[in-house]
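A.B. asks: here's a sequence, model it:
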Amino acid sequence: MGDEMTDQTQPGWYHAQGDPPGTHRYWDGASWQGDPQPVGQPAAGMMAPPGMAAGRAVGGIGARFVALIIDSLVVAIPGAILIGLAGEDGGVLALLGFLAIVATWIWNFAVKQGGTGQTVGKGIMNLTLLGTDTQQPIGAGKAFGRTFLGNIINNFFFIDYIVALFDSNNQRIVDKIFNSVVYRTQ
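C.D. replies: Predicted coordinates for the structure are as follows:
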């Protein structure tokens, strides 16, 4: 999108003509609001509209829930097949099934999501996890910590998901801790 805005330009964060490179301002659909800010940071004293963060649409709770179901199946199915083949005796196939579940969980939620911003489920649902400050994928370590801590919190209270229902950016507690937001993929 160019630097010239019209009344048909959707509200959002854009570079304003005449502002320094690498900055943006909020366009409300009719005029520029606030002073130029570094890309990734909203103007001082201004909040992005509900459902928007850093000029991007945040991922909806419904799409995130469907992505979680898909990811749960991606993680569980390979291990479940091996455990099922092991039968009553268990043994090596049962152990391999358990290890397959752990390895697939680490690959999907830490390595894949940390490097690309997407798990398999988020990719299918057009969602991306990015750092709020960098607008880049958060890395394997943070992605692992975010998922692991979220699982612990939700196994006892489900409060992490409940908080997201009432947050304007649909951020879970772990998103606030790890400085991340799930966006709709552009």
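A.B. asks: confidence-wise, which helix or strand of this structure is lowest on average?
C.D. replies: Across the helices and strands of the chain, mean confidence by mean pLDDT, DSSP states H and E is lowest for strand 52-53: a mean of 73.
A.B. asks: partners of the next helix or strand after that one, with directions?
C.D. replies: Downstream of strand 52-53, the first helix or strand assigned by DSSP states H and E is strand 56-57. Strand 56-57 has its sheet partners listed here by DSSP bridges as strand 52-53 (antiparallel).
A.B. asks: next, the buried residues of the longest helix seen in the chain.
C.D. replies: For the chain, the helix with the greatest residue count under DSSP state H is helix 61-86. Of all the residues in helix 61-86, those buried under the rule 16 or more other C-beta atoms under 10 Å are 63-64, 66-67, 70-71, 74-76, 79, 82-83, 86. All C-beta atoms are positioned from the backbone trio N, CA, C, and that covers glycine.
A.B. asks: only the buried residues of the strand ranked longest in the chain, if you could.
C.D. replies: Across the chain, the strand with the greatest residue count (assigned by DSSP state E) is strand 32-38. Buried residues in strand 32-38, counted by 16+ other C-beta under 10 Å: 32, 36-37.
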